[in-house]
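Enquirer: For reference, the sequence and a predicted model appear below.
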Amino acid sequence: MQATDMPVTRPLEYYRQERVLTVAEFAKFLGITEQTYRRLLRAPEKVRMETRRQVLAALDLPSPHYVRELVPNPTPEMVTDALAAYAEANRAGWIAYDPETLAPTGEVFDGAGNLLYSSDPKAS
């Protein structure tokens, strides 16, 4: 993994399709029934923690945050905080980062992607 690679949460179906398996084959690979697999997709909160850990182990992933169905739902307070942070960033501006180095570029954009200002005189 490169220094700039970031873990991404993906749905279980991504992991199934990546392995080119049918639903039945993937459920067997995970060590669960097809019915339990479908329940994980439909209503993951109704699946036992033990089964969730089993799925995570079968996929050889270090964290449940790699699998959308295994990530806990955010609390209403977390959602409120995130929305407030987005609103503040839209008011103050979004700082741009170089995708290769993850270093700030000195540019600040509004929520629509328009350049607000830059520390580089050539960019202004």
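Expert: That came through fine. Because the structure is a prediction, the values reported are computed rather than measured.
Enquirer: residue boundaries of the strands in this structure?
Expert: All strands of the chain, identified by DSSP state E, fall at 94-97, 104-109, 115-118.
Enquirer: Can you redo those strands as TSV, where the extra columns are mean pLDDT, mean neighbour count and distance to residue 33?
Expert: Every residue, glycine included, has its C-beta placed from N, CA and C. Putting the strands of the chain into TSV (pLDDT from 0 to 100; neighbours: other Cβ atoms under 10 Å; distance: least, Cβ to Cβ, whole Å) gives the following:
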stretch	mean pLDDT	mean neighbour count	distance to residue 33
strand 94-97	92	14	44
strand 104-109	93	15	48
strand 115-118	90	13	54
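Enquirer: nearest to residue 23, of these?
Expert: Taking Cβ to Cβ, strand 94-97 is the member of the strands of the chain nearest to residue 23, at 39.1 Å.
Enquirer: Residues touching that closest one, excluding its own?
Expert: Applying Cβ atoms under 8 Å, 6 or more residues apart in numbering, the contact partners of strand 94-97 are 103-111.
Enquirer: Kindly report the same for stretch 9-28.
Expert: For stretch 9-28, contacts defined as Cβ under 8 Å, 6+ apart pick out 29, 33-34, 36-38, 40-41, 55, 59, 65-69, 71.
Enquirer: Fine by me, thanks again.
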